[in-house]
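Visitor: What shape does this take:
(2 chains)
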Amino acid sequence: MPVLAPTPSPVGIATETASAIVFQNVSLAFEDHQVLDDISFHLLQGETKAIFGVAGAGKSIILKLALGLIKPDAGRIWVLGEEVSALPEEQLFELRRRIGMVFQESALFDSLTVRDNVAFRLIEEGGTSPEEIEERVREVLRFVELEHTVDMLPGELSGGMRRRVAIARAVISRPEILLYDSPTGGLDPVTSTTIVELLVKQRDVYHSSSLLVSHRLQDAFTMASHYFDLGENQMRPLPPGGQGQVAMSFLVLREGKVIFDGNAHDLANSRDEYIREYIS
Amino acid sequence: MELISPTDYAKDKISAVQDYCILAARSIGNLFQRPRYFGDMLQQADLIGVGSLPIVILTGFFTGFVLALQGSNTLQRFGTLTLIGHLVALSMVRELGPVLTGLMVAGRNASGIASELGSMQVTEQIDAMRALGTDPIKKLVTPRIVATVFMLFFLTIISDLTGLFGGSVVAKFLLRLDVNQYWSTAWQALVIDDVIMGLLKPPIFGFIIASVGCYYGLNSRGGTQGVGRATTQAVVSASVLILAVDAVLTRILMIAFVGYR
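Guide: The predicted structure is shown next:
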């Protein structure tokens, strides 16, 4: 078996320096509705953490809080050692360049071609020649197997293709952290598997730290039970007893609180009735 | 219909004014920070300025045309029909040119800016831009404001000229006056103070049009219906603000220029 991403320390004992993201007692309410209620967790370097919960549980909000797109009412958030909950908007732009985000509805710029969408960050940052930008764009589009769409507009792509272009846009600058908001939501099983394979490839080949918001447990379990074989350029199941060798953990939210934070094995064997019902 | 308490209503309005002021201040502050997006400014100047040319030319021409027609009636009573060029020139350059051009550009571009940014807001494209490390105020708002401020200045000059031309058409073909006399009286009527008064207003109106359009666009909520609402509000607010600011500005400029007290 090829060398995989480093196995994280057991969740719960990581230090802030080893963590890519730390949420500490974070609360957020919209008017009278408490969305997040005193939640704490951390994402280790190189780890992918899948976040689950029913619709409206505050999953996507966690990603926006991590990016500093919204501020918490209480609590503190650290991302790559910077306290995003305390930084003003102007100082967050620099940090955000080290983070990639895939939005739920892709959020591609609809007046720009796929090339310009994917190259957006490189063009904005400057200092990269047009030839190198073209090369990098084609490289990441090959990664998501969509090189032929380079001159197309987002409106000409299917939902699954848009999602893959959004992944290409997020990974082009090789960010240290990736945030995926329901990357397989509303897609057919074949396209979903393609996207899950891309996430596994990103985790195991580039060792990115990721937060994955999803409604589909099977996607996260697939990620926890597979690794990416770079030699064969495809996702393969872990050998028997190999679970835990991939850097994957799970977080379950219920009514704004964290009710589970652990690995796939612990989740599958949880005695919590709500979790058992949720995963059944 | 849900009733809102007067206190909450006042708080909402004050908060909106505060947000607008912050947006306006940041958009101006961005002029002194890199990156400056000159390419986007040129693109917006083309869309806003060149794109508004037909509507501004038509508005200017017909305003001057009607002004000459209406004015001729009164001037004829006093036997001063030959001063029609005087009337059209002063009215167009001092007041109607800047205000009507501002209102037409507000109708066309405040709505365009609000709907474009509003659509980007409700489809998370603005959040995506922030997530990619780009400041949307720098990238989207400042170039639109700079382009509108510059282009409205030149559009107003064009509107003034086409208005004078519209008046000359009436003078020649309907009033049977000598065109040279028309242009001569128009030229003699204008002094530098009139031109300055008329051309100080467009940059301020341009700032109002673009900043109000951007404010409503970036604060769109509630899907396509919200974008439609933002578009309408942008046009109404920009138009009312232009008229209100014009009233205040005219008074200030009249005090500032000797002879108009």
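Visitor: rest of the way, CA atoms for contacts and neighbours
Guide: Noted.
Visitor: In space, what's closest to residue 68 - neighbours in sequence excluded?
Guide: Just going to use chain A. When the adjacent residues along the chain are set aside, residue A:68 lies closest to residue A:84, with 5.7 Å between them (C-alpha to C-alpha, 6 or more residues apart in numbering or on different chains).
Visitor: To clarify, I was referring to chain B.
Guide: Excluding the flanking residues, the one nearest residue B:68 by C-alpha to C-alpha, 6+ apart is residue B:167, at 5.1 Å.
Visitor: any idea of the mean pLDDT for the helix or strand hosting residue A:220?
Guide: When elements are assigned from DSSP states H and E, residue A:220 belongs to helix A:217-225. Averaged across helix A:217-225, pLDDT comes to 88.
Visitor: Just the C-alpha atoms of it, please, in PDB.
Guide: The C-alpha coordinates for helix A:217-225 follow below in PDB (Å, rounded to 0.1, in the frame of the first residue of the first chain):
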ATOM      1  CA  LEU A 217     -22.900   9.800   4.900                       C
ATOM      2  CA  GLN A 218     -21.900   7.300   2.300                       C
ATOM      3  CA  ASP A 219     -19.600   9.800   0.700                       C
ATOM      4  CA  ALA A 220     -17.700  10.400   3.900                       C
ATOM      5  CA  PHE A 221     -17.600   6.700   4.700                       C
ATOM      6  CA  THR A 222     -16.200   6.100   1.200                       C
ATOM      7  CA  MET A 223     -13.500   8.700   2.000                       C
ATOM      8  CA  ALA A 224     -12.800   7.000   5.300                       C
ATOM      9  CA  SER A 225     -12.500   3.600   3.700                       C
END
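Visitor: Pull out the buried residues from that helix.
Guide: Neighbour-count burial for helix A:217-225 flags A:217, A:219, A:220, A:221, A:222, A:223, A:224, A:225 (criterion: 16 or more other C-alpha atoms under 10 Å in any protein chain shown).
Visitor: what's that helix packed up against?
Guide: Helices and strands touching helix A:217-225, as assessed by 3 or more C-alpha pairs under 8 Å, 6 or more residues apart in numbering or on different chains; DSSP states H and E, comprise helix A:189-206, strand A:248-254.
Visitor: and the first one, how far from the chain's centre?
Guide: I take that to be helix A:189-206. Per C-alpha atoms, centre = their mean, to the nearest Å, the displacement of helix A:189-206 from the mean C-alpha position of its chain is 11 Å.
Visitor: quick revisit: following the chain onward from the helix holding residue A:220, which element is next?
Guide: Following helix A:217-225 in sequence order, the next helix or strand is strand A:226-229 (DSSP H and E).
Visitor: contacting residues around that following strand?
Guide: For strand A:226-229, the external contacting residues (C-alpha atoms under 8 Å, 6 or more residues apart in numbering or on different chains) are A:2, A:4, A:197, A:200-201, A:204-205, A:234-238, A:246.
Visitor: Kindly report the same for stretch A:194-209.
Guide: Residues beyond stretch A:194-209 that count as contacts (C-alpha under 8 Å, 6+ apart) turn out to be A:4-5, A:20, A:43-48, A:143-144, A:164, A:175-178, A:183-184, A:210, A:219, A:222-223, A:226-228, A:230, A:234-235, A:246.
Visitor: for stretch A:138-157, same thing?
Guide: Contacts with stretch A:138-157, where a contact means C-alpha under 8 Å, 6+ apart, come from A:108-115, A:161-162, A:164-165, A:167-169, A:171-172, A:198.
Visitor: mind running it again at 6 Å?
Guide: The set of residues external to stretch A:138-157 that reach it, using C-alpha atoms under 6 Å, 6 or more residues apart in numbering or on different chains, is A:110, A:113, A:114, A:115, A:164, A:168.
Visitor: Out of the helices and strands packed on helix A:217-225, which is closest to residue B:194?
Guide: Counting by C-alpha to C-alpha, residue B:194 lies closest to helix A:189-206 out of the helices and strands packed on helix A:217-225; the figure is 65.9 Å.
Visitor: What residues sit buried inside the next helix or strand after the closest one?
Guide: Per DSSP H and E, the first helix or strand lying C-terminal to helix A:189-206 is strand A:209-213. For strand A:209-213, burial by neighbour count (16+ other C-alpha under 10 Å) applies to A:209, A:210, A:211, A:212, A:213.
Visitor: From what I see, the third one and residue A:181 are in contact.
Guide: No - applying C-alpha atoms under 6 Å, one finds residue A:211 not in contact with residue A:181, separated by 8.4 Å.
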